[in-house]
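K.L.:
Dropping a prediction and its sequence here:
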Amino acid sequence: MEAIFTKVSSDWKRKPYFDYFYYTIKTKYNITHHLDITTFLSEIKRNGFKFYPSFLFVIMKAINQNEAFRMSFNEEGDLGIWNYVNPSYTIFHDDDKTFSDVWSYYKSNFREFYQEVTSDIEKYKNVKKIKAREGRPANFCPLSVLPWLSFESFSQDTYQESNLLFPIIRFGKYYERDGRHFIPVSVFVNHAVADGYHTSKLINDIEELGNTINRWI
């Protein structure tokens with residue numbers, strides 16, 4: 001699938017909000033929510049799929065159906081929207097407790113996505129450096145997992161100015177409560193491109209896609 005970057009128009013309705021939160025009051029925020037993945041987990045196990053690449057698909061499917069989370073600057077500094085973004089995710093090296101970043105091409109079909117990601121994980125699993133796969137395209141979404149902890153919240157920041165507009169998504173260890181299974185998911189957002197409504201919709205879309213797994217598995 002060809003990646004297409006479309007510059008926002010001069011009459012873009014969110015421009016005053018973007019300018020305010022990007023130039024005037026530079027604002028980023030985190031929202032953490034515990035998603036009900038009972039149906040998703042049951043069907044993934046029943047069909048013999050691995051959890052990590054399957055849940056990456058759900059997140060990326062939701063990302064790609066929400067325009068606000070496909071925005072970035074191009075090399076010329078123009079603001080625009082990609083027609084889709086690729087997953088850029090972490091793999092853990094259990095022997096020395098380090099991690100590496102790997103990216104894969106996004107596929108809108110679950111089985112194709114699953115094959116793409118599992119093949120890339122296998123290919124790069126022994127590459128011991130931060131960027132295990134070079135050449136990451138400009139249209140990407142960073143994701144990682146903390147499988148050792150069912151955290152209540154997750155916050156992050158950097159000491160360096162960044163023009164990253166894509167969300168950064170973290171999810172933790174799933175757990176059981178009252179016969180249901182939940183997983184903590186944290187979304188780090190640049191307020192310039194997404195308000196509380198947009199981020200809430202993204203999180204709700206992730207949960208909804210998990211609940212309707214039989215439509216796409």
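P.N.:
Sure, I can see it.

K.L.:
pLDDT score for residue 197?
P.N.:
Here, the pLDDT recorded for residue 197 equals 98.

K.L.:
so what does the helix or strand it falls within touch, helix or strand wise?
P.N.:
Counting by DSSP states H and E, the element that carries residue 197 is helix 196-211. For helix 196-211, the packing partners by 3 or more CB pairs under 8 Å, 6 or more residues apart in numbering; DSSP states H and E come out as strand 28-36, helix 38-46, helix 51-64, strand 180-190. Just so you know, the C-beta spots here come from the backbone N, C-alpha and C atoms, and that holds for glycine as well.

K.L.:
Which positions within the second one qualify as buried?
P.N.:
When you say that, I think you mean helix 38-46. Within helix 38-46, the residues scored as buried using 16 or more other CB atoms under 10 Å are 38, 39, 40, 41, 44.

K.L.:
Dump those into a markdown table; add pLDDT and distance to residue 199 as well.
P.N.:
Formatted as a markdown table, these follow (pLDDT from 0 to 100; distance: CB to CB, whole Å):
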| residue | pLDDT | distance to residue 199 |
| --- | --- | --- |
| 38 | 98 | 23 |
| 39 | 98 | 23 |
| 40 | 98 | 20 |
| 41 | 98 | 24 |
| 44 | 98 | 25 |
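
K.L.:
Contacts made by the host helix or strand of residue 170 with the rest, please.
P.N.:
Of the helices and strands defined by DSSP H and E, residue 170 is found in strand 168-172. Residues outside strand 168-172 that contact it (CB atoms under 8 Å, 6 or more residues apart in numbering): 55, 59, 63, 141-147, 149-151, 154, 156, 183-188.
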